[in-house]
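Asker: next come a sequence and a model predicted from it.
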Amino acid sequence: MSLFSIFYFLVSLLLYILAIPFILFKSKNTKYKEALPARFFLKDNSSFKEAKVWFHVCSFGETKAIKPIVDAIEEEVNISVITNTGYDEAKKLSKNVRYLPYELLLPFWINKQKILLVMEAELWYMLFLFAKIKKTKTILINARISDRSYSSYKKFSWFYKRIFKNIDKVFAQSQIDKNRLEELGAKNVEVIGNIKLATLPKRTNKFTKLDEFVITAGSTHENEEELILNSYEKEFGKLIIVPRHPERFEKVNQLILDFIKNKEISYHKFSLKNDFSSDIILVDVMGELNNIYEISDAVILGGAFEKIGGHNPVEPAFFNCRVISGENYFNQKALFECIENYKIVKNSQLKDIMREIKDIKPASLKGEGTIEPIIREINGTR
């Protein structure tokens with residue numbers, strides 16, 4: 001190891017010792033009781049024993065983004081994460097999931113792997129250094145440097161140059177990102193777009209676009225249908241409600257029936273009448289959401305008006321719908337960064353937004369992406 005690496009290790013050790021009381025205190029919190037002991041004390045967090053394709057991601061959104069790559073390579077992979085939401089999502093992709101330990105512990109934890117693919121801004125010095133020492137090929141994927149963080153990166157360019165010395169290949173989101181990454185010392189940089197946009201929604205059924213303005217409440221949860229109904233007026237346009245869970249269809253049906261009592265609002269269930277002729281339609285069948293987004297003018301995304309974490313905004317944005325979400329979209333922040341012209345509103349603001357919804361600019365995707373060059377890189381390393 002170089003003198004810098006030894007110095008970095010000693011600083012990490014000092015910070016670790018100082019932080020132990022705080023880590024022990026935070027570990028009592030239910031939210032951190034698994035992640036912190038795993039990351040800082042290696043509790044139930046052993047090394048990856050088998051040499052496989054190793055992905056390192058941060059949280060839920062980044063973990064979702066690697067799914068098409070994991071599916072394409074058709075073999076069991078190793079995945080390390082930082083957050084507990086990332087961990088839960090990664091368990092859906094592989095049985096070999098770990099929390100990435102604190103940097104001080106990485107020299108003793110990392111074993112040789114076939115290849116290491118690190119998502120976006122997870123630029124841990126010891127991670128790349130010891131992966132290379134263990135003769136593992138290292139790749140940074142979906143790399144970007146935002147306008148906001150660019151000046152901060154430049155101030156510490158001397159440090160990032162040392163990190164990029166140990167990164168063999170970088171797949172960047174744009175030419176601007178490529179230029180900035182090369183300024184920081186990145187080599188062998190290729191622009192492939194945003195991999196979160198590599199797998200776009202597909203329709204499985206073709207519905208005819210309606211003459212009336214169509215608002216779809218997509219993937220709604222408990223209490224959200226009631227909020228949307230109480231914010232709705234017939235003059236806003238047609239309202240299509242698509243609950244997230246089929247076991248709630250009948251409950252939502254009763255909510256709508258109660259809402260339209262003594263009102264001149266027509267209603268039907270999609271399972272009984274396969275069209276959109278009424279003012280309010282409950283879609284009580286599965287698998288139609290993207291098909292309905294294609295004929296919608298606006299989408300109110302469920303899951304964020306309650307503390308669920310939100311749902312995928314890329315799908316309605318792909319069909320150029322106006323996209324409205326509540327404030328609790330914490331599981332989807334990475335995907336919201338992929339679109340523009342969306343609205344985040346408080347629950348109390350929903351009726352006002354629905355009144356103005358026709359004047360809101362439709363959402364759109366920021367560029368496109370592909371995973372094929374990443375697949376080729378992985379296949380070429382085996």
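Answerer: Arrived safely. Numbers count the residues shown, from 1 in each chain.

Asker: could you use CA atoms for every contact and neighbour count after this?
Answerer: Fine.

Asker: can you pull the domain assignment for the chain?
Answerer: According to automatic domain parsing, the chain comprises the domains 3-194+369-379, 214-365.

Asker: rebuild those as TSV, extending it with mean pLDDT and distance to residue 204.
Answerer: Formatted as TSV, these follow (pLDDT from 0 to 100; distance: least, CA to CA, whole Å):
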stretch	mean pLDDT	distance to residue 204
domain 3-194+369-379	95	19
domain 214-365	96	7
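
Asker: residue 205: which of the ones you listed is closest?
Answerer: Nearest to residue 205, of all the domains of the chain, is domain 214-365, at 5.9 Å by CA to CA.

Asker: rewinding a little: nearest to residue 202, of the domains of the chain?
Answerer: domain 214-365 (6.9 Å).

Asker: next, format the domains of the chain as JSON lines and append mean neighbour count.
Answerer: Below are the domains of the chain laid out as JSON lines (neighbours: other CA atoms under 10 Å):
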{"stretch": "domain 3-194+369-379", "mean neighbour count": "18"}
{"stretch": "domain 214-365", "mean neighbour count": "19"}
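
Asker: how about those in CSV, adding distance to residue 202?
Answerer: Below are the domains of the chain laid out as CSV (distance: least, CA to CA, whole Å):
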stretch, distance to residue 202
domain 3-194+369-379, 15
domain 214-365, 7
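
Asker: on the three-state scheme, the residue located most distally from the centre of the chain is what?
Answerer: Here the centre of the chain is the reference, and by CA atoms, centre = their mean the most remote residue is residue 262, at 42.7 Å. Under DSSP: H, G, I helix; E, B strand; the rest coil, residue 262 falls in the coil class.

Asker: phi and psi next, for it.
Answerer: When read as degrees, to the nearest 10, the backbone of residue 262 gives phi 60, psi 20.

Asker: grab the most central residue of this protein for me.
Answerer: Computing the C-alpha centroid of the chain and ranking residues by CA atoms, centre = their mean puts residue 61 first, at 2.0 Å.

Asker: what's the separation between that one and residue 306?
Answerer: The gap separating residue 61 from residue 306 is 19 Å, by CA to CA, to the nearest Å.

Asker: ok, now which ones touch residue 163?
Answerer: By CA atoms under 8 Å, 6 or more residues apart in numbering, the residues touching residue 163 are 123, 124, 125, 128, 129.

Asker: ignore the last one, residue 175
Answerer: Neighbouring residues of residue 175 by CA under 8 Å, 6+ apart: residue 191.

Asker: ok, the residue nearest to the centre of the chain touching residue 330?
Answerer: No - using CA atoms under 8 Å, residue 61 is not in contact with residue 330; the gap is 9.2 Å.

Asker: circling back to that earlier point, hang on, the residue nearest to the centre of the chain in a helix?
Answerer: Yes - when three-state DSSP is applied, residue 61 is found to be in a helix.

Asker: could I get the phi/psi values of the residue lying closest to it once chain neighbours are set aside?
Answerer: Of all residues not flanking residue 61 in the chain, residue 334 sits nearest, at 5.3 Å (CA to CA, 6 or more residues apart in numbering). Phi and psi for residue 334, reported as degrees, to the nearest 10, are phi -60, psi -40.

Asker: re the thing from before, residues shared between the contacts of residue 61 and residue 330?
Answerer: Contacts common to residue 61 and residue 330, judged by CA under 8 Å, 6+ apart, are absent.

Asker: name the single longest helix found in the protein.
Answerer: helix 3-26 (DSSP state H).

Asker: for residue 83, see how far away the residue nearest to the centre of the chain is.
Answerer: Where residue 83 is concerned, residue 61 sits at a distance of 11 Å (CA to CA).

Asker: specify the beta-bridge partners of residue 282.
Answerer: Beta-bridge partners recorded for residue 282 (DSSP bridges): residue 241, residue 269.

Asker: let me see the contact set for it.
Answerer: Residue 282 makes contacts with 240, 241, 242, 252, 253, 267, 268, 269, 270, as judged by CA under 8 Å, 6+ apart.

Asker: tell me which of those residues is nearest to residue 57?
Answerer: Out of these, the member with the shortest distance to residue 57 (by CA to CA) is residue 242, at 31.4 Å.

Asker: isn't that closest one right up against residue 289?
Answerer: Yes - with contacts counted by CA under 8 Å, residue 242 reaches residue 289, the gap being 7.2 Å.

Asker: cool, thanks, talk later.
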